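[1] Let me see the structure of the following:
(chains A and B)
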Amino acid sequence: MSQTNDTYFVPEDSRWPVFGVPGMVLLAVGFSNFLNGGSWGVPVMVIGALMTLTMTVMWFRDVIVESVSGMYSDRVDRSFRQGMAWFIFSEVMFFGAFFGALFYARVFSVPWLGGDDPETSRFLWDSVTLAWPTAGPGMLDLDFTPMGAWALPTINTLILLSSGVTLTWAHHAMKHNDRPKVILGLAATVLLGTIFMCVQSYEYVHAYQDLNLRLDTGIYGSTFFMLTGFHGLHVTIGAITLLVILLRVIRGHFTADNHFGFEAAAWYWHFVDVVWLGLYIFVYLI
Amino acid sequence: MSATTHDAHDAHHHGPPPGYLTRWLFTTNHKDLGVLYLVFALAMFFVGGAMAMIIRAELFQPGLTLVDPHFFNQMTTMHALVMIFGAVMPGFTGLANWLIPVQIGAPDMALPRVNNWAFWLLPAGFVLLLATLFMPGGSPAGGWTMYPPLILQLGDAFPFLIFAVHILGISSIMGSINIVATILNLRAPGMTLMKMPLFVWAWLITGFLIIAVMPVLAGAVTMLLTDQYFGTSFFSAAGGGDPVMFQHIFWFFGHPEVYILILPAFGIVSAIIPTFTRKPLFGYSSMVYATASIAFLIFIVWGHHMFSVGMPLSGQLFFMYATMLVAVPTGVKIFNWMATMWQGSMTFETPMLFAIAFVLLFTVGGLSGVMLALAPVDLQYHDTYFVVAHFHYVLVTGAIFSIMAAVYFWLPKWTGHMYDERLGKWHFWLSTISVNVLFFPQHFLGLAGMPRRIPDYALQFADFNMISSIGGFAFGLSQLLFVWIIVKCVRGGEKATDEVWEGAKGLEWTLPSPAPYHTFETPPTVK
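    Have a look, this model is predicted:
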């Protein structure tokens, strides 16, 4: 450990969790009521979501104010780095559960149901052959087209990968205190992320309208939409984060050697990129 | 552990902020949050305990005697969820909050506001979970493992269960990120990794496990939710999925989870036994390596929960051998604790009694675990009371006993008063005798074939069940004594010295008792 005599910043109190946590409860209660077919779920959900959002915004506001007024030492900075790194690790494991489901379905359950395992087929769907992509033995007459890999998804992959490049370019500019270039690079990244999301939305509409590929199209539809859906959610969160960082750069919040907010958002964006590569390979290509 | 170069605590002790309610609601102080976590865990221990009393009352005699079978199933399910996510995990997190900063010479936790959030998510999650008891269709009743398709038959409570698990998961992940960041970033100068107390080491690895597996549980229950409401087919064979897939994903979380519930206990016992033996811990570095290798092995053993659901022979053999390997590092720990006690000048205060009982009784649970690891014999034991006996030996006389040992051990540091040693010994002996009366007969019941999670049983099981229930009621009542001892100690008692225990080593014992509100604002130097 380095020998530092700085006093570690410990905030006096924290009001926002106690405000936001009831919001999270309302969000859960409202959503549950909605799912159970209740009548009052949606407004409660909206109130809960707004409270949770308020917690997030105000909490980050406090942190930004403290950061800009120089209350954070290097050691606080390292705590934030640790926190963000472990948070991204937890996100990786969350996606891991869904990739695990995809691999399990493709390697085990679909072949077993499709005749590889004589016992299973004898007791369930005898003399059925299944091959990925499939909606399962119970929906054999369902006619759907799987999502192709070459046209739009490949272009979208290139869009997302170039957004990683523009972001790294912005980061290098940040290290040289070249603010106009940082702004340009960040704006390009947010723009590319937005284009990516537009293409994804188009792809979803295309899937539902033209391909008859839906969330309930058996295990193929389930894994396709849950993996790309959670990824899209994370891209959206990442793009909003980068947009906030862009506004902060415009306000002159960061310096060449003190810009962890920028780096955290960049780490998150690269994580989202890497998840997309996994998706592109295992959901679209193979 | 090493000595400090200067008197460790800071000169200006400014106390907690004014305002009683706002102090506890808004606090970012690791000691306040530690207290909140521990009080919450104690409360949930009694909520889950009350459910256990209902279970044992129903099983006191054969026949459907007391409660509706569906309610009985709700009790077994909720008892597990409350005890795991409400009592043991928050109990350990509370100890981590209180102890890790003072054991590594940090001014507080690395992310104090996240700490506050992580705590307040717990009552939020339990509001959702416990509210299900009053809903149409009742609370979850398909077992805490939430296997589909059974769990999908749950009524209105279903989404509440899922979101409660999400919120409790966020709480655990945030708490763990904070603990890991604290350990890696806020150690005092000279406190190298291999000088850290073993409780800190155990929590570093536990924190890693929680961050790695709680998101997997979140993913699994999200798939349950979409299968139920949005037409996905993850766990439906008709759509090409597989109900057994849920079991794989769940136990990929679930098996590391059971070590999340025991590794901090290893750390606690490794602090207590050397203190009352007045010898340094035998084999410190082997303890660290053993903990780390356990953390690796438990990621590749989840299949041993599923031997009876059907699995290729190669899978059964792999999971069987990998599981048996876990016994090696665990055995290293048991031998190290015994070697620490060997030729020590031992005294038997209450924390030491609980720690020794932990070593003996956890080993009983560990050995029955090795029996269960054997795929061929597991086919007989699976879903019998033998399994119930096994995991209650590791969780009650393991995890819970270690938390009790920790409370007695550090209570004087927290309150500044010694607890009542006579009552503490009463609590220990009542608990230890009754817990064995409660769980030991369950081994025999299971070997004779009594299934778990069933409210009625064949007449041949009547005697052992009655003995077990009597032990259960006695154990439940004994815990009231525990609360009384804590209350008494908080309110007053013999003044505790700074060192508290004659053989105590470590930074926390250089602080005054009770430890001031802020400690180590200037980091101590550890040699």
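
[2] which SSE is the closest residue to residue B:423 other than its chain neighbours in?
    Nearest-residue entry for residue B:423: residue B:485, 5.0 Å, with adjacent residues in sequence omitted and distances by C-beta to C-beta, 6 or more residues apart in numbering or on different chains. The way it works is simple: take the backbone N, C-alpha and C, and place the C-beta from them, glycine included. Secondary structure assigned from DSSP states H and E places residue B:485 in helix B:462-491.

[3] Residue A:129 versus the residue of chain A positioned farthest from its centre, what's the distance?
    Distance from the C-alpha centroid of chain A, by C-alpha atoms, centre = their mean, peaks at residue A:122 (41.1 Å). Separation of residue A:122 from residue A:129 (C-beta to C-beta, to the nearest Å) stands at 14 Å.

[4] residue ranges with poor pLDDT in the stretch 1-150 of chain A?
    Residue ranges of the stretch 1-150 of chain A with pLDDT under 70: A:1-6.

[5] centre of the chain versus the helix holding residue B:485, how much separation?
    On the basis of C-alpha atoms, centre = their mean, to the nearest Å, helix B:462-491 sits 18 Å off its chain's mean C-alpha point.

[6] again, but for stretch B:184-192
    Centroid separation between stretch B:184-192 and its chain, computed with C-alpha atoms, centre = their mean, is 26 Å.

[7] now do stretch B:151-162
    Relative to its parent chain, stretch B:151-162 has a centroid offset of 25 Å by C-alpha atoms, centre = their mean.

[8] tell me which residues in it are buried?
    In terms of neighbour count (16 or more other C-beta atoms under 10 Å in any protein chain shown), stretch B:151-162 has its buried residues at B:151-152, B:154, B:156-162.

[9] same check, this time on stretch B:510-523
    Buried residues in stretch B:510-523, counted by 16+ other C-beta under 10 Å: B:510-515, B:518-523.

[10] cool, stretch B:63-73 as well?
    Residues B:67, B:71-73 are the ones in stretch B:63-73 that count as buried (16+ other C-beta under 10 Å).

[11] which of those lies closest to residue B:440?
    Among the buried residues of stretch B:63-73, residue B:72 lies closest to residue B:440 (C-beta to C-beta), at 22.8 Å.

[12] Kindly indicate whether the closest one is helix, strand or coil.
    Classification of residue B:72 using DSSP: H, G, I helix; E, B strand; the rest coil returns helix.

[13] quick one: it and chain A, what's the gap?
    Using C-beta to the nearest C-beta, to the nearest Å, residue B:72 is found at 24 Å from chain A.

[14] ditto for residue B:87
    In terms of C-beta to the nearest C-beta, residue B:87 sits 20 Å off from chain A.

[15] returning to that earlier point: buried sites along the helix holding residue B:485?
    By neighbour count on 16+ other C-beta under 10 Å, the buried set for helix B:462-491 is B:464-476, B:478-479, B:481-482, B:485-486, B:489-490.

[16] If we look just around chain B, which residues of the stretch 51-200 of chain A are in range?
    Proximity of the stretch 51-200 of chain A to chain B, by C-beta under 8 Å from any C-beta of the partner chain, involves residues A:59, A:75, A:78-80, A:82-83, A:86-87, A:89-91, A:93-98, A:100-101, A:104-105, A:108-110, A:112-113, A:124, A:130, A:134-139.

[17] Please narrow those to those residing in helices.
    Using DSSP state H, the members of these that fall in helices are A:59, A:75, A:78-80, A:82-83, A:86-87, A:89-91, A:93-98, A:100-101, A:104, A:110.

[18] who in the stretch 51-200 of chain B is up against chain A?
    B:106-108, B:110-114, B:116-117, B:120-121, B:124, B:127-128, B:156, B:158-160, B:163-164, B:166-167, B:173, B:176-178, B:180-182, B:184-192.

[19] what do you get if the cut-off is 7 Å, keeping everything else the same?
    Neighbours of chain A within the stretch 51-200 of chain B, by C-beta under 7 Å from any C-beta of the partner chain: B:107-108, B:110-113, B:116-117, B:120-121, B:124, B:127-128, B:156, B:159-160, B:163, B:167, B:173, B:177, B:180-181, B:184-187, B:189.

[20] Restricted to strands, list those residues.
    Within those, no residue falls in strands by DSSP state E.

[21] And for residue A:107, the neighbour number?
    Residue A:107 has 11 neighbouring residues, counting by other C-beta atoms under 10 Å in any protein chain shown.

[22] in which helix or strand would I find residue A:266?
    Using DSSP H and E, residue A:266 falls within helix A:260-279.

[23] Just the mean pLDDT for that helix, thanks.
    Helix A:260-279 shows a mean pLDDT of 97.

[24] list the contacts for residue 260?
    Chain wasn't specified; assuming chain A. Neighbouring residues of residue A:260 by C-beta atoms under 7 Å, 6 or more residues apart in numbering or on different chains: A:77, A:80-81.

[25] that's the wrong chain, I wanted chain B
    Counting by C-beta under 7 Å, 6+ apart, residue B:260 touches B:206, B:209-210.

[26] Can I get these in CSV including secondary structure and distance to chain A?
    CSV is the format used below for those (DSSP: H, G, I helix; E, B strand; the rest coil; distance: C-beta to the nearest C-beta, whole Å):
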residue, secondary structure, distance to chain A
B:206, helix, 13
B:209, helix, 11
B:210, helix, 9
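
[27] So what's the residue count around residue B:229?
    Counted with other C-beta under 10 Å, residues neighbouring residue B:229 total 16.

[28] isn't it right next to residue A:35, touching?
    Yes - the criterion here is C-beta atoms under 7 Å, and residue B:229 meets it with residue A:35 at 5.1 Å.

[29] what's the lengthiest helix in chain A packed up against?
    In chain A, taking DSSP H as the definition, the longest helix is helix A:218-250. Packing partners of helix A:218-250 (3 or more C-beta pairs under 7 Å, 6 or more residues apart in numbering or on different chains; DSSP states H and E): helix A:74-104, helix A:179-206, helix A:260-279.

[30] For residue B:396, find the nearest of the ones you listed.
    Each of those has some distance to residue B:396 by C-beta to C-beta; the shortest is helix A:74-104, at 29.4 Å.
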